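> Below are the sequence and a predicted model; questions follow.
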Number of protein chains: 2
Amino acid sequence: MKDVKVSEPTVERLVKYHRLLERVTGEGRKVISSKEIGEMLSYKASQVRKDLSYFGEIGKRGVGYHVDRLYRHLGAVLSSPRLWSIGLAGVGRLGEAILGYKGFRSEKFQIKALFDVDPAKIGTKILGTPCYSIDDAPRVLREQNIEVVIISVPSGAAQYVADRVTASGNVKGILNFSPVSLALPDDVLLYSVDISVELEKLLFYLKHRGQ
Amino acid sequence: MKDVKVSEPTVERLVKYHRLLERVTGEGRKVISSKEIGEMLSYKASQVRKDLSYFGEIGKRGVGYHVDRLYRHLGAVLSSPRLWSIGLAGVGRLGEAILGYKGFRSEKFQIKALFDVDPAKIGTKILGTPCYSIDDAPRVLREQNIEVVIISVPSGAAQYVADRVTASGNVKGILNFSPVSLALPDDVLLYSVDISVELEKLLFYLKHRGQ
DNA sequence: GTGTGTGAAGTGGTTCACAGCG
DNA sequence: CGCTGTGAACCACTTCACACAC
């Protein structure tokens, strides 16, 4: 797969096209147009075509996109070179929800180790995954070659946890669910999901919706 | 508060400035500069100044921003006209995590009603909040004047739930945690948080990180 | 001198419009 | 003729650079 530079919004849409195609494949559809994809996901047809064209000419002019071919094509674009091992720090309610989240099952990654501070959890298995002390994270992450960590701890603990986790030198990416900006070594990729900010934005625009 | 049109990224940053200021206020700091704010949140100082200038000249040239004044100013910009009543549909692991999420406490809103399909949950209170059948949603939403609903149901059920919820005619905004695009009446504002898309993006850029 | 406020320039992503191919 | 692929036009957000107030 050649390496085309694509913007973050494009990657996000590619993921959504892939998901949609998975569903459509199951329904036995053979061909789909950019217009139809766009209608199903609320994007402009031209946006869909541009996104899909970044990785080669995959559609047929005058016809549309062959569903199964496009599905496999996107699968290859989004595929991982291998199965990522993932750690999850903070097994509170949110952490446990993430751990058990069905939309999160994938052949791309697997949650291999949990970390917490609660002595009642350390040393046990939760939903089948072993839980370690956060202070053992550097060792465990190295031993199990875990390169991605999800942080779902309370905001006060997030920076401490991020420091422990990056101390291993093994971690290349962090997905942060806590509502704080983390300071990280700059070779570590950070993505954040801030649940309450999204609600705040919704309420802000609701307040000003007349406009 | 006069109505200035601000972009979504700006609103998101305003929320983060407000949060930061809350912390900084507590630490007894009197004055802060755009440069310092930027460093703490990983934004450019010029970005911070532009964002803060949309709602009037609030800083002092040559000095910086008075922390408490700026905090209250942002509070007013982001404030709600009143306390929003919120419903939450889908009290699975994720729904319960949201319900109990501390970062979610606010004087802007309150989760007033839960909805589910599980007969074991309907009619009970969960973490102190009453749970109703999703099919009673139109009535309950109207009776309790609930205008915002959080959807945290499995993807297969999301559209059905969205239809039930908007049937009341009362709902103005939806925060969707399920990984599907919802079709909604176009006077309903939609924000989505897609947990697995964020992880997919992280893994995609990790794979291509050499670039 | 110092740090804000802001027009102007720059950057990046989206949409258009049409050429090109099936 | 229909629908894709794509340069060019457009639009929106970010960054710069400097006048201005303290």
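All right, it came through fine.

> domain ranges for chain A?
A:8-77, A:84-197 (automatic domain parsing).

> nearest to residue B:141, of those?
The closest of the domains of chain A to residue B:141 is domain A:84-197. By CB to CB, the value is 21.8 Å. All C-beta atoms are positioned from the backbone trio N, CA, C, and that covers glycine.

> mind listing the strands in chain A by residue range?
Taking DSSP state E as the test, the strands found in chain A are A:31-32, A:65-66, A:84-89, A:109-116, A:125-126, A:129-133, A:148-151, A:173-176, A:189-192.

> helices or strands up against the third one?
Using 3 or more CB pairs under 8 Å, 6 or more residues apart in numbering or on different chains; DSSP states H and E as the contact criterion, the neighbours of strand A:84-89 among helices and strands are helix A:93-100, strand A:109-116, helix A:137-143, strand A:148-151, helix A:155-167.

> Please repeat the previous calculation with a cut-off of 10 Å.
helix A:93-100, strand A:109-116, strand A:129-133, helix A:137-143, strand A:148-151, helix A:155-167, strand A:173-176, helix B:195-207 (3 or more CB pairs under 10 Å, 6 or more residues apart in numbering or on different chains; DSSP states H and E).

> quick revisit: just name the most buried of the strands of chain A.
Most buried of the strands of chain A by mean neighbour count (mean count of other CB atoms under 10 Å in any protein chain shown) is strand A:148-151; its value is a mean of 26.

> in the biggest helix by length in chain A, what counts as buried?
With DSSP state H setting the assignment, residue counts place helix A:8-26 as the longest helix in chain A. Buried residues in helix A:8-26, counting neighbours by 16 or more other CB atoms under 10 Å in any protein chain shown, are found at A:10-21, A:24-25.

> swap in stretch A:29-42?
Buried residues in stretch A:29-42, defined by neighbour count with 16+ other CB under 10 Å: A:32, A:34, A:36-38, A:40-41.

> Please list which of these are also close to DNA strand D.
The residues of these that also fall near DNA strand D, by CB under 7 Å from any atom of the strand, are residue A:34.

> of all the buried residues of stretch A:29-42, which comes closest to chain B?
Closest approach to chain B among those (CB to the nearest CB): residue A:41, at 5.1 Å.

> separation between that closest one and residue A:33?
13 Å (CB to CB, to the nearest Å).

> Please identify every residue contacting each of those two.
residue A:48 (CB atoms under 10 Å, 6 or more residues apart in numbering or on different chains).

> which stretches of chain A have low pLDDT?
A:1-3, A:210-211 (pLDDT under 70).

> one more time with 50
Low-confidence segments of chain A (pLDDT under 50): A:211.

> Spatially central residue for it, please.
residue A:175 (7.7 Å; CA atoms, centre = their mean).

> isn't that residue right up against residue A:194?
No. With contact defined as CB atoms under 10 Å, residue A:175 and residue A:194 do not form a contacting pair (11.6 Å).

> ok, the residue nearest to residue A:77 when sequence neighbours are not counted - how many residues close by?
Nearest residue to residue A:77, sequence neighbours excluded (CB to CB, 6 or more residues apart in numbering or on different chains): residue A:55, at 5.2 Å. If you count neighbours by other CB atoms under 10 Å in any protein chain shown, residue A:55 ends up with 16.

> Check residue A:94 too.
25.

> Repeat that for residue A:197.
Going by other CB under 10 Å, the residues that sit close to residue A:197 add up to 20.

> Repeat that for residue A:57.
Neighbours of residue A:57 using other CB under 10 Å come to 8.

> ok, now residue A:187?
10.

> need the contact list for residue A:134.
By CB under 10 Å, 6+ apart, the contact list for residue A:134 reads A:89-90, A:114-118, A:122, A:140, A:153, A:157, A:160-161, A:164-165.

> which residues touch the closest residue to residue A:167 other than its chain neighbours?
Ranked by CB to CB, 6+ apart and with sequence neighbours excluded, the top spatial neighbour of residue A:167 is residue A:138, at 4.6 Å. Residue A:138 is in contact with A:163-171, counting by CB under 10 Å, 6+ apart.

> what about residue A:138, distance to residue A:166?
9 Å.

> Same check on residue A:205?
Remark: distance between residue A:205 and residue A:166 (CB to CB) = 36 Å.

> In terms of neighbours, single out the busier of the two.
More neighbours surround residue A:166 than the other of residue A:205 and residue A:166, with 22 against 16 (other CB under 10 Å).

> For the more buried one, give its distance to DNA strand D.
24 Å (CB to the nearest atom of the strand, to the nearest Å).

> That residue reaches residue A:148, doesn't it?
No. At 11.9 Å, residue A:166 does not count as touching residue A:148 under the criterion of CB under 10 Å.

> Which neighbours do these two have in common?
Contacts common to residue A:166 and residue A:148, judged by CB under 10 Å, 6+ apart, are A:141, A:172, A:174.

> isn't the last one right next to residue A:152, touching?
Yep, that's residue A:174 we're talking about. No. Taking contacts as CB under 10 Å, residue A:174 lies outside contact range of residue A:152: 11.2 Å.

> who touches both of those two?
Both residue A:174 and residue A:152 are contacted by A:89, A:161, under the criterion CB under 10 Å, 6+ apart.

> Which residues are in contact with residue A:176?
A:89, A:149-153, A:158, A:161-162, A:182, A:184, A:190-194, B:198.

> Residue A:75 now?
Taking CB under 10 Å, 6+ apart, we find residue A:75 in contact with A:18, A:21-22.

> make it 7 Å
By CB atoms under 7 Å, 6 or more residues apart in numbering or on different chains, the residues touching residue A:75 are residue A:18.

> for residue A:131, same thing?
Contacts of residue A:131 by CB under 7 Å, 6+ apart are A:91, A:114, A:116, A:121-125.

> what about residue A:156, neighbour count?
As a measure of burial, residue A:156 has 9 neighbours, counting by other CB under 10 Å.

> ok, it to residue B:161 distance?
From residue A:156 to residue B:161 the distance is 34 Å (CB to CB).

> now residue A:63
Residue A:63 is 36 Å from residue B:161, by CB to CB.

> Compare neighbour counts for these two and give me the winner.
residue B:161 (25 against 9).

> what's the spacing between the more buried one and chain A?
Separation of residue B:161 from chain A (CB to the nearest CB, to the nearest Å): 15 Å.

> contacting residues for that residue?
B:89, B:134, B:151, B:153.

> Columns distance to residue B:59 on top of these, output as a markdown table?
Shown next, in a markdown table, are these (distance: CB to CB, whole Å):
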| residue | distance to residue B:59 |
| --- | --- |
| B:89 | 43 |
| B:134 | 49 |
| B:151 | 40 |
| B:153 | 45 |
